[in-house]
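In: need a structure here:
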Amino acid sequence: MAGKGPSPKLPDQRRRRNAPAAGEWRVLPAEPYRGKRPNLPRVPRGLLASSKATWEEWWSSPMAHMWPEADWGRLQVAIATHDTITRRLAAGDIKGLASTMAELRQTLDSLGLTPKGRQDRRWLLPADAEEATPDVPDDELAKRREKSNVRRLKAVDSS
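Out: Residues are numbered from 1 along each chain as shown. The predicted model follows:
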């Protein structure tokens, strides 16, 4: 199941050099998505101001570069669900809301809009990529690895 165990390491931090089954990490573009594709979906009508702000935030995020046009319908369903949850919370109507919130969380995960979703897709935000890349020269990294606590096993006679 996705999301269990430690997160995968970056390529330069791995001990094994074979390709990971889920693919390599990809650093998302730093610039916000500007809608280079035709027919970019507009803000759905009738949304609360906070939901419209969330819609704009989603589309200006680095993750928007990765969404194929086939995902745009799911984004519209997600924002409608977000708007419904916000309205019901404001009205104090929380009965049966947990399943709707779980559905929204799963949709946001599948679109990479949550930290777990980005980890599952192996997407790195530009700021995260800068933190993950050490400012140490490669020869210094090699020296540090040689001095690490990892020791080779030796065969010992049990007699």
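
In: which helices and strands does the longest helix that the chain contains pack with?
Out: The residue-count maximum for a helix in the chain (DSSP state H) belongs to helix 72-91. Judged by 3 or more Cβ pairs under 8 Å, 6 or more residues apart in numbering; DSSP states H and E, helix 72-91 is in contact with helix 49-59, helix 97-110. The C-beta positions use only the backbone N, C-alpha and C, and glycine is treated the same way.

In: tell me how far the shortest one is from the chain's mean position?
Out: If I follow you right, that is helix 49-59. 18 Å (Cα atoms, centre = their mean, to the nearest Å).

In: quick one: it to helix 97-110, angle?
Out: Comparing the axes of helix 49-59 and helix 97-110 via axes from the mean of the first three to the mean of the last three Cα atoms, to 10 degrees yields an angle of 20 degrees.

In: Poorly predicted segments of this structure, please.
Out: 1-3, 17, 19-20, 35-39, 130-155, 159 (pLDDT under 70).

In: Now the residue nearest to the spatial centre of it. Its backbone dihedrals?
Out: Geometric centre of the chain, nearest residue: residue 118, 1.2 Å, by Cα atoms, centre = their mean. Per-residue torsions, residue 118: phi -70, psi -40 (degrees, to the nearest 10).

In: For it, list the residues it contacts.
Out: The contact partners of residue 118, by Cβ atoms under 8 Å, 6 or more residues apart in numbering, come to 63, 112, 124, 125.

In: how much space between it and residue 50?
Out: For residue 118, the distance to residue 50 equals 23 Å [Cβ to Cβ, to the nearest Å].

In: likewise residue 106?
Out: For residue 106, the distance to residue 50 - Cβ to Cβ - is 21 Å.

In: try residue 121
Out: Distance from residue 121 to residue 50, by Cβ to Cβ: 26 Å.

In: Thanks a lot, see you next time.
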